[in-house]
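Chemist: what would the 3D arrangement of this be:
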Amino acid sequence: MTLIWREATKADRPALQGFKCTDPAPREPGKRPGPHPRRWEDDVQKAIHSLPVPLSGADGVALLGLDGEDLAAVVVWSGIHGRPALYKLRLLAVSRERRTVGGNSIGPLARQALAEALFRIASEAPGADVFGLVDIRNRASQRVLTEAGLERVDGPASDPDLEMWAATLPISEDPDAEA
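Modeler: Residues are numbered from 1 along each chain as shown. Sure thing, here's the model as predicted:
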């Protein structure tokens with residue numbers, strides 16, 4: 001499935017606030033939910049729900065991947081102020097309904113979202129450095145980043161559960177171009 005990509009607008013707030021990229025935390029009847037088994041997914045979902053769209057300037061870009069009218073994926077990145085060729089990949093999520101078999105793999109749509117973000121960054125700033133922080137238990141995202149050419153690097157992370165992934169972008173091809 002190929003998604004249509006566009007930047008988020010103010011009109012997209014309800015869709016972003018209702019976006020689901022993980023299952024709810026387990027809950028026993030009559031009790032509060034327990035801890036989420038994939039905390040990183042819950043954190044990303046909460047961050048998407050609170051995105052102040054449209055993003056602009058230093059806030060970065062919120063890109064939506066649409067399957068018809070349905071929001072299937074979200075990717076957010078921003079430039080680092082004062083460092084013109086340094087970009088942070090802030091969020092990448094695929095809706096629960098669009099995940100591959102078993103619901104635990106973000107698969108092809110995550111690859112598509114990352115490729116679109118990297119293409120747009122490279123178009124704006126060829127040779128830019130990009131980085132993102134990924135939970136050490138998030139194997140699916142680590143695979144997607146590795147396949148896209150990012151590598152785990154030693155670097156400062158304020159949370160011991162996060163690893164930094166980075167790459168220097170080449171001038172890239174349009175991910176939607178016919179081969």
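Chemist: quick check on the residue of the chain most remote from its centre: phi, psi?
Modeler: Distance from the centre of the chain peaks at Gly30, with 34.1 Å (CA atoms, centre = their mean). Main-chain torsions, Gly30, degrees, to the nearest 10: phi 80, psi 0.
Chemist: run me through the strand neighbours of the least confident helix or strand in the chain by mean pLDDT, direction for each.
Modeler: Counting by mean pLDDT, DSSP states H and E, the chain has its least confident helix or strand at strand 83-94, which shows a mean of 91. Using DSSP bridges, the strands paired with strand 83-94 are strand 70-80 (antiparallel), strand 129-135 (parallel).
Chemist: distance-wise, check Pro24 relative to Arg98.
Modeler: 18 Å (CB to CB, to the nearest Å). C-beta here means a position set from N, CA and C on the backbone, and glycine is covered the same way.
Chemist: contacts for stretch 150-166 next, please.
Modeler: Contact partners of stretch 150-166, identified using CB atoms under 8 Å, 6 or more residues apart in numbering, comprise 40, 129-137, 142, 145, 167.
Chemist: the helices in this structure, which residues?
Modeler: Counting by DSSP state H, one finds helices in the chain at the ranges 13-17, 39-49, 107-124, 139-147.
Chemist: could you export those helices as TSV, including distance to Pro160?
Modeler: Putting these into TSV (distance: least, CB to CB, whole Å) gives the following:
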stretch	distance to Pro160
helix 13-17	29
helix 39-49	13
helix 107-124	24
helix 139-147	16
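Chemist: out of these, deepest packed?
Modeler: Of the helices of the chain, the one with the most neighbours on average (mean count of other CB atoms under 10 Å) is helix 107-124, at a mean of 20.
Chemist: any idea of the mean pLDDT in that one?
Modeler: Here helix 107-124 scores 94 as its mean pLDDT.
Chemist: just stretch 140-160 next, same as before
Modeler: 88.
Chemist: could you dump the strands paired with strand 83-94 into JSON lines with mean neighbour count added?
Modeler: JSON lines is the format used below for the strands paired with strand 83-94 (neighbours: other CB atoms under 10 Å):
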{"stretch": "strand 70-80", "mean neighbour count": "21"}
{"stretch": "strand 129-135", "mean neighbour count": "20"}
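Chemist: what about those strands, which gets the closest to Ser50?
Modeler: strand 70-80 (11.6 Å; CB to CB).
Chemist: angle of the closest one against helix 39-49?
Modeler: 90 degrees (axes from the mean of the first three to the mean of the last three CA atoms, to 10 degrees).
Chemist: what's the spacing between strand 70-80 and its chain's center?
Modeler: Mean-position distance between strand 70-80 and its chain equals 6 Å (CA atoms, centre = their mean, to the nearest Å).
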